[in-house]
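Novice: Pasting a predicted model and its sequence here:
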Amino acid sequence: MVRLLWVALAALSFAVGFLGLFLPLLPTTEFMLAAVYCASRGSPRFEAWIRSRRHVGPLLENWERERAIPRRAKFVAVGMIGASMVMILLHLGEGWLRWAIVALLVAVAAWLITRPEPSRPMR
């Protein structure tokens, strides 16, 4: 039963991480790291499958090895964060919540930009 719970958590984390490839406010790498962790507890085969994914495996490897994010991933993430900020500024009414969200997005973008790039190119 416990193994099944780990696998279910891994599948949920993988699904949310996959959505993060397309949605700007969902962090892909963090959810994929959670998916790998949960899968390693419940199904080593599922863990290996996650790591073998073309778009996910190299990101996980770079993060685990060097805490590094590829330039292209940074560019896409910061671009999506910028688009989110524009949408928030255009559609969220005046007030503190609007500026708090924008400040949070700026902080996330700054953190992303300051992460190192991988020393070896992605495979």
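Specialist: Sure thing, it's come through.
Novice: Confirm for me that Ile81 is in contact with Trp111.
Specialist: No. With the criterion set as CB atoms under 8 Å, Ile81 and Trp111 do not qualify as a contacting pair; they are 10.6 Å apart. Just so you know, the C-beta spots here come from the backbone N, C-alpha and C atoms, and that holds for glycine as well.
Novice: quick one: which of these two has more around it?
Specialist: Taking other CB atoms under 10 Å, Ile81 and Trp111 do not tie; Ile81 has more neighbours (18 against 10).
Novice: what sits against that one?
Specialist: Residues near Ile81 by CB atoms under 8 Å, 6 or more residues apart in numbering: 24, 105, 108-109, 112.
Novice: Flag whichever of those residues scores worst on pLDDT.
Specialist: Comparing pLDDT over these, the lowest score belongs to Pro24 (67).
Novice: quick one: which two of the contacts of Ile81 are the most distant?
Specialist: For those, the farthest-apart pair by CB to CB is Pro24 and Leu112; their separation is 11.6 Å.
Novice: The longest helix belonging to the chain: what's the following helix or strand?
Specialist: Taking DSSP state H as the criterion, the chain has its longest helix at helix 71-91. On the C-terminal side of helix 71-91, the closest following helix or strand by DSSP states H and E is helix 96-114.
Novice: Packing partners of that next one?
Specialist: The elements that helix 96-114 packs onto, with contact taken as 3 or more CB pairs under 8 Å, 6 or more residues apart in numbering; DSSP states H and E, are helix 71-91.
Novice: what's in contact with the helix or strand hosting Phe46?
Specialist: When secondary structure is defined using DSSP H and E, the element that contains Phe46 is helix 44-52. The contact list for helix 44-52, computed with CB under 8 Å, 6+ apart, reads 7, 10-11, 14, 32, 35-36, 39-40, 56-57, 60-61.
Novice: Using PDB, list the CA coordinates for the helix or strand just after it.
Specialist: Where DSSP H and E defines the elements, the next helix or strand beyond helix 44-52 is helix 57-66. Taking Å, rounded to 0.1, in the frame of the first residue of the first chain, the C-alpha atoms of helix 57-66 are listed here in PDB:
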ATOM      1  CA  GLY A  57      16.200  13.800 -17.900                       C
ATOM      2  CA  PRO A  58      19.000  16.300 -18.800                       C
ATOM      3  CA  LEU A  59      17.400  19.000 -16.700                       C
ATOM      4  CA  LEU A  60      17.300  16.700 -13.700                       C
ATOM      5  CA  GLU A  61      20.800  15.600 -14.300                       C
ATOM      6  CA  ASN A  62      22.100  19.200 -14.600                       C
ATOM      7  CA  TRP A  63      20.300  20.300 -11.400                       C
ATOM      8  CA  GLU A  64      21.400  17.300  -9.400                       C
ATOM      9  CA  ARG A  65      25.000  17.500 -10.500                       C
ATOM     10  CA  GLU A  66      25.600  21.300 -10.500                       C
END
